[in-house]
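>>> Let me see the structure of the following:
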Amino acid sequence: MKQHFQNLMDEEEATIDMTPMLDVVFIMLIFFIVTASFVKEAGIDVNRPEAATAVKKDRANILVAISDKGEIWINKRKVDVRAVQANIERLYAENPQGTVVIQADRKATTDVLIKVMDASRAAGILDVSIAAQEP
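Numbers count the residues shown, from 1 in each chain. Next up is the predicted model:
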């Protein structure tokens, strides 16, 4: 009888139910994925000019960067100036509440900046901002 009782104890200790722990882990994973905020980047770091009246824009969804060499970057990809409007239209179709923020390097020419602004407005977005940093 003692041997039989010992065998029952061994069987109970050998089985551990992992289902509740896995449920908690999956719920935590879903929580972190849902609450995470994903930062969109244009693709390059630019040396933005300073502006005393710079205002932080919270809902900037379409970021366009212009490098000091006049290169245009959207979604970490270098884009030709003729394809800017099509790229902005595609991003705007994905998020119609989005606004365009142009991050132009302080050494970028105004020619490229104006072309990007025109392409943004031609894509149907009238809310176009130019990024600056506070002094």
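
>>> mind giving me the domain split of the chain?
Domain assignment for the chain, taken from automatic domain parsing, gives 2-35, 60-130.

>>> With mean pLDDT and mean neighbour count as added columns, please give those in JSON lines.
In this view, the C-beta of every residue, glycine as well, is placed from N, C-alpha and C. What follows is the domains of the chain, written out as JSON lines (pLDDT from 0 to 100; neighbours: other Cβ atoms under 10 Å):
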{"stretch": "domain 2-35", "mean pLDDT": "74", "mean neighbour count": "9"}
{"stretch": "domain 60-130", "mean pLDDT": "86", "mean neighbour count": "17"}
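
>>> Find the residue closest to Leu113 in space, skipping its chain neighbours.
Of all residues not flanking Leu113 in the chain, Ala104 sits nearest, at 5.1 Å (Cβ to Cβ, 6 or more residues apart in numbering).

>>> make that Asp80, sorry
Once flanking residues are discounted, Asp80 sits nearest to Ile72: 7.5 Å by Cβ to Cβ, 6+ apart.

>>> and Tyr125, what does it touch?
Careful, residue 125 is Ile and not Tyr. By Cβ atoms under 8 Å, 6 or more residues apart in numbering, the contact list for Ile125 reads Ile62, Ile88, Tyr92, Gly98, Thr99, Val100.

>>> And the residues you listed, which two are furthest apart?
The span of the contacts of Ile125, defined through Cβ to Cβ, is set by Ile88 and Thr99 at 10.9 Å.

>>> Would you mind checking which of the contacts of Ile125 is nearest to Met18?
Distances from Met18 to these, taken by Cβ to Cβ, are shortest for Gly98, at 43.5 Å.

>>> pretty sure the closest one is touching Ile88, no?
No: counting by Cβ atoms under 8 Å, Gly98 stays clear of Ile88, with 9.2 Å between them.

>>> what residues are shared contacts of these two?
Contact criterion Cβ under 8 Å, 6+ apart; residues shared by Gly98 and Ile88: Ile62, Ile125.
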